[in-house]
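Engineer: Fold the following for me, if possible:
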Amino acid sequence: MSETERKESGDVADLVVFCDESGAKGYADQQEHFPGETGVFAGFFVPREYVSPLEAELRTITDSLSPDLEKPHITDISAEHQQHSRNGVYKIFLRNRVPCFYEAIYVQGFHADYERQCKALRNFVASTGSKLKKQPQPESLHTALFLGFYTKILDFCLKRGKTNLKIEIRTDKIDSPILKKFHQTGERFLCDERKIPLKKWNPETQSVVYGSLTLKHDTRSPFNIEDYIIAPTADDNGAIFAADVLANSFNYLLRQRERKQRFEPLNCREAVASHPLISILYAHPQESKWDFADHMYAHPRRILRPGGAA
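Structural biologist: Model prediction:
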């Protein structure tokens with residue numbers, strides 16, 4: 001992006017994101033443990049200048065919890081304290097109008113997409129007269145959830161004309177390989193060009209030949225990401241506790257839906273309409289926007305509407 005384009009799109013927005021997960025987070029070769037099992041990734045962001053005052057407000061909630069909890073999670077405290085903590089988080093978020101986000105994926109839908117990939121690969125290999133040596137590497141549900149969550153934040157910014165961004169994502173303490181995968185996935189999503197390493201056996205030289213395939217997008221990304229950091233934060237951080245409250249609450253609502261809604265789309269306002277933060281939740285009505293996860297990872301038992309429409 002040129003300096004002129006950068007100026008036209010506005011000043012740099014320096015955002016700090018807090019997020020956490022709830023529910024399933026395995027791999028695509030795994031099936032659901034119960035009908036309609038989901039994984040959820042949720043959180044919120046604030047401009048950097050508002051991080052300290054918001055953390056100070058949220059710390060009043062974690063400070064009131066048992067000192068024995070080195071790493072407070074909403075599910076680790078008593079039912080009475082759970083409700084009190086949720087209400088406290090919701091009150092602070094509503095007063096400060098903090099935008100909230102979540103991404104949800106059906107475990108069985110994620111698995112069904114993997115099975116389709118495996119079948120397509122088997123058919124392709126069979127058409128060449130060869131034998132399939134191994135199945136595709138199953139993707140991480142945790143990583144797919146993070147990417148969906150991250151893209152919704154980018155969509156929120158794009159709709160408000162904020163395309164010059166600095167983004168710091170703060171998470172609960174998770175393994176370094178997962179954080180690295182999150183970072184790579186987020187960078188790849190906005191990359192205009194992707195290089196895929198290739199290798200092939202050369203029978204003439206009896207050696208492996210290495211090369212690469214370069215894929216380019218037809219259109220360039222509208223974003224200029226000046227900084228992109230993902231890092232775990234302190235165990236007792238009130239903002240991470242608040243993200244845990246969000247993830248747990250959205251997962252709970254999706255699990256408690258009526259039987260007729262059990263396999264319906266997850267990432268729309270109708271799915272979590274009764275949530276106390278619905279007024280500050282960034283989610284679209286079901287009919288207004290195509291959602292990648294709800295289409296690619298739709299539950300196989302979802303009932304289609306008359307005419308076959310999803």
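Engineer: residue boundaries of the strands in this protein?
Structural biologist: Ranges of strands within the chain are 13-23, 38-47, 100-106, 164-171, 193-202, 207-216, 224-232, based on DSSP state E.
Engineer: Let me know the average pLDDT across the longest one.
Structural biologist: In this model, strand 13-23 has an average pLDDT of 95.
Engineer: buried set for it?
Structural biologist: The neighbour-count check on strand 13-23 (16 or more other CB atoms under 10 Å) flags 13-23 as buried. To be clear about C-beta, it is placed using only N, CA and C from the backbone, and glycine gets the same treatment.
Engineer: do the same with the second one
Structural biologist: Of the residues in strand 38-47, those buried under the neighbour-count criterion (16+ other CB under 10 Å) are 38-46.
Engineer: Now do that strand: which elements does it pack against?
Structural biologist: Judged by 3 or more CB pairs under 8 Å, 6 or more residues apart in numbering; DSSP states H and E, the packing partners of strand 38-47 are strand 13-23, strand 100-106, helix 107-127, helix 141-159, helix 238-255.
Engineer: Pull up the pairing partners for the first one, direction included.
Structural biologist: Partner strands and pairing direction for strand 13-23 (DSSP bridges) are strand 38-47 (antiparallel), strand 164-171 (parallel).
Engineer: Nearest to residue 142, out of those strands?
Structural biologist: Closest approach to residue 142 among these (CB to CB): strand 38-47, 7.1 Å.
Engineer: okay but residue 226 is in contact with residue 15, surely?
Structural biologist: No - Residue 226 lies out of contact with residue 15 (CB atoms under 8 Å); the separation is 11.2 Å.
Engineer: now the buried residues of strand 13-23 in a markdown table, with distance to residue 284?
Structural biologist: Listed next are the buried residues of strand 13-23 as a markdown table, based on distance: CB to CB, whole Å:
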| residue | distance to residue 284 |
| --- | --- |
| 13 | 22 |
| 14 | 26 |
| 15 | 21 |
| 16 | 24 |
| 17 | 20 |
| 18 | 22 |
| 19 | 20 |
| 20 | 22 |
| 21 | 22 |
| 22 | 21 |
| 23 | 22 |
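Engineer: Just the closest of those to residue 95, please.
Structural biologist: Proximity of the buried residues of strand 13-23 to residue 95 was ranked by CB to CB; the top entry is residue 18 with 17.0 Å.
Engineer: who touches that closest one in this structure?
Structural biologist: Residue 18 makes contact with 43-45, 170-171, 233, 237, 239-240, 242-243 under the criterion CB atoms under 8 Å, 6 or more residues apart in numbering.
Engineer: what do you get if the cut-off is 10 Å, keeping everything else the same?
Structural biologist: Taking CB atoms under 10 Å, 6 or more residues apart in numbering as the contact definition, residue 18 lies against 42-46, 51, 54-55, 58, 98, 168-172, 233, 237-244, 246.
Engineer: before we move on, what about residue 95?
Structural biologist: For residue 95, the contacting residues are residue 57, by CB under 10 Å, 6+ apart.
Engineer: Equivalent analysis for residue 123, please.
Structural biologist: By CB under 10 Å, 6+ apart, the contact set of residue 123 is residue 132.
Engineer: Show the pLDDT at it.
Structural biologist: In this model, residue 123 carries a pLDDT of 85.
Engineer: and the gap between the residue nearest to residue 302 when sequence neighbours are not counted and residue 257?
Structural biologist: In this structure, residue 302 finds its nearest non-sequential neighbour in residue 263, 4.3 Å apart by CB to CB, 6 or more residues apart in numbering. Computed as CB to CB, to the nearest Å, the residue 263 to residue 257 distance reads 9 Å.
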